[in-house]
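# sequence plus the predicted model coming up.
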Amino acid sequence: MYGIVKYPVSDMRSEPKFRSERIHQLVFGEVVLIKDENDNIKQNDYIYACDIRLNYCGYVNKHTLFILDEKEYKDFSKLNEVKISVPFCKSYGAIEYLLPFGSRLYTNSSSEYTEFYLPNGNVYKLVDTPFYKSTEPMEIAIQFLGVPYLWGGTSSYGFDCSGFVNRVYDVIDIILPRDANQQEKSLQSVETPKPGDLLFMEGHVMMYIGNNKIIHANGHDMCVNITDLDRENYGSYLKSKIRKIGRITG
């Protein structure tokens, strides 16, 4: 069985209950592979599932998903996928949501993105363009200055540090692991940073944007913010703790 997120954001939790830790988020249109047995799906609100983009698993509220069998999913996945690369995009028609960055939209057109489909066949449209003018990760990242820090967050409603860089690179079709330690292990180490590189300290990841500055979702400012590594006390602290510069080569 598969699930496709039907609301702007769906939390993934560490245990099958609302009050457990948020470990990850899925955004509208993202897909999970449901690992639970049918009886558990029927009886429980929270079901065990894996984000197929990242193979990241946890418990998701089934009411936030369109649940499809394998044939229904295969048929639906034949549609063309569009990713939202602006912070928010308003929809109207069958749904009227403020869809966040990274949302997946499905259409039968490869060029004219005018109508989009839900798994139940309903149609919706967009008020705004879903596309940002640039595909440069630093320029995309700067759109989110001031977005709140949120543990487990991966959307423009709220990010954690690794969810932020993961989502920025996702919209330009570069897949990074979900968590900072996994990202650190996956990337080539370099001596000198250039814009777009990721800087790692224990439990934290930052994107280098040049001129000794980084952009990151952080618990110090409680938002996505730019920090100067040379001119701020907080920046000096971060700089002293950097243990790896990771370069994305994909």
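That came through, no problem. Residues are numbered from 1 along each chain as shown.
# tell me how far the helix or strand bottoming out on mean pLDDT in the chain is from the chain's mean position?
Here the helix or strand of the chain ranked lowest by mean pLDDT, DSSP states H and E is helix 38-43, holding a mean of 79. With C-alpha atoms, centre = their mean, to the nearest Å as the basis, helix 38-43 stands 28 Å off its chain's centre.
# tell me which residues in that helix are buried?
For helix 38-43, the neighbour count (16 or more other C-beta atoms under 10 Å) marks residue 41 as buried. Bear in mind the C-beta positions are built from the backbone N, C-alpha and C, glycine included.
# which residues does that helix contact?
Contacts to helix 38-43, defined as C-beta atoms under 8 Å, 6 or more residues apart in numbering, come from residues 1, 34, 47, 48, 62, 67.
# for the nearest residue to the second one once chain neighbours are set aside, give me its contacts.
Spatial nearest neighbour of residue 34, excluding adjacent residues (C-beta to C-beta, 6 or more residues apart in numbering): residue 1 at 4.1 Å. Contact criterion C-beta under 8 Å, 6+ apart gives 33, 34, 38, 41, 67, 68, 69, 70 as the residues in contact with residue 1.
# same question for residue 53.
30, 31, 170, 175 are the contacts of residue 53 under C-beta under 8 Å, 6+ apart.
# ok, residue 157 touching residue 100?
Yes. Counting by C-beta atoms under 8 Å, residue 100 is a contact partner of residue 157 at 5.7 Å.
# buried residues, stretch 13-31. List them.
Neighbour-count burial for stretch 13-31, counted by 16+ other C-beta under 10 Å, picks out 13, 16, 22, 23, 24, 25, 26, 27, 28, 29, 30, 31.
# give me the element the residue nearest to the third one when sequence neighbours are not counted is part of.
In this case it means residue 22. In this structure, residue 22 finds its nearest non-sequential neighbour in residue 152, 3.5 Å apart by C-beta to C-beta, 6+ apart. Counting by DSSP states H and E, there is no helix or strand that carries residue 152.
# so residue 152 versus residue 137, what's the distance?
From residue 152 over to residue 137 the distance is 22 Å, taken as C-beta to C-beta, to the nearest Å.
# how about residue 247, what does it touch?
187, 188, 189, 190, 194, 197.
# that should have said residue 13, apologies.
20, 21, 22, 23, 46, 58, 59, 60.
# residue contacts, the residue nearest to the second one when sequence neighbours are not counted?
In this case it means residue 21. Closest residue to residue 21 apart from its sequence neighbours, by C-beta to C-beta, 6+ apart: residue 14 at 4.3 Å. If a contact means C-beta under 8 Å, 6+ apart, then residue 14 has 20, 21, 23, 58, 59 as its contacts.
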